[in-house]
Every structure is written in structure tokens, then in C-alpha cells.
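# the following block contains a protein sequence and its predicted model.
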Amino acid sequence: KLLKSEGIPLQFLQIDDGYQKHMGDWLTASDSLGMPIQELLDELLSLDIDIALWVAPYIASKDSRILAEHPEWFVQNVNTGTPLSSDIESFGGWREAPWYVLDGCHPEVQMHLETLFRHFYSSWHIR
């Protein structure tokens, strides 16, 4: 609002990493956002701002709801039969590490991702 009131045009705004409660829970806002995500989106849209959103759709943190509710959707550790932690094979992650990776070959994961991005487009107006 401040930029617009000062006559500074703002056409695009990216909501960056950290808006989400946990990596993988892309529809749940972090408490540190300071307002419900829908309220923020509605305000930006009312100012005629095109919104971009940072997501890493295949990543989930150990505290995420998606990992707790659907551990079978993740790449599995062949030795333990549990979701494979990123720090075992590679880089662990920069925040909320270690990460776990959704298995993109799993049909339910494919449906989840389609539903997620349809929500971003249809409900949140992320283009």
C-alpha cells in the first residue's frame, strides 16, 4: 500500500520461502506471517498486484503434516522401509533439515501435486 500511495508502481510480488508453516505444508501459513495467508492474498489482489509464490513442491520437513499423514508418498530408505532422509544421501537442506522427497512416480503424489497447483491457481490466484 505504501509503494502505491507514493506513486511507485508495483506489478509483481513474490511471497518467498518462510510463508509456510513447514516445508511441504504449502497451504498452511507460518505464524510469523502475521496474518492468514488468504487475507494477505486478498489484499494484494485488491491492489491489482500479480502474485508469485515460492514453493519446493517435492520437499517436506520432518515436522510437516504431509510426511506424518502420508509417509508412503516419499522416496523410501531401502534399508529401513521408512522415508529417506536427505542428509543420508546428499545435502540435508538449509532450513528445517533434513528434508524428505516426494516420490513423483507415486500416483497419489501426482494427484496431490495437481490438486495443490490447481488450488494455487483457482483459489489463491497465483499465476
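All right, it came through fine.

# who touches Gln14 in this structure?
By C-beta atoms under 8 Å, 6 or more residues apart in numbering, the contact set of Gln14 is 51-54. For the C-beta atoms, the positions are set from N, CA and C on the backbone; glycine is no exception.

# what about the helices in this protein?
Per DSSP state H, the chain carries helices over the ranges 2-5, 37-46, 65-69, 86-89, 107-122.

# report the rounded mean pLDDT for the fourth one.
Confidence over helix 86-89, taken as the mean pLDDT, stands at 85.

# possible to save the helices of the chain as a markdown table with distance to Leu13 and mean neighbour count?
As requested, the helices of the chain are exported to a markdown table (distance: least, C-beta to C-beta, whole Å; neighbours: other C-beta atoms under 10 Å):
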| stretch | distance to Leu13 | mean neighbour count |
| --- | --- | --- |
| helix 2-5 | 10 | 10 |
| helix 37-46 | 6 | 14 |
| helix 65-69 | 26 | 16 |
| helix 86-89 | 30 | 13 |
| helix 107-122 | 15 | 13 |
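
# same list, these, but as JSON lines with distance to Gln11 please.
Listed next are the helices of the chain as JSON lines, based on distance: least, C-beta to C-beta, whole Å:
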{"stretch": "helix 2-5", "distance to Gln11": "11"}
{"stretch": "helix 37-46", "distance to Gln11": "11"}
{"stretch": "helix 65-69", "distance to Gln11": "33"}
{"stretch": "helix 86-89", "distance to Gln11": "36"}
{"stretch": "helix 107-122", "distance to Gln11": "19"}
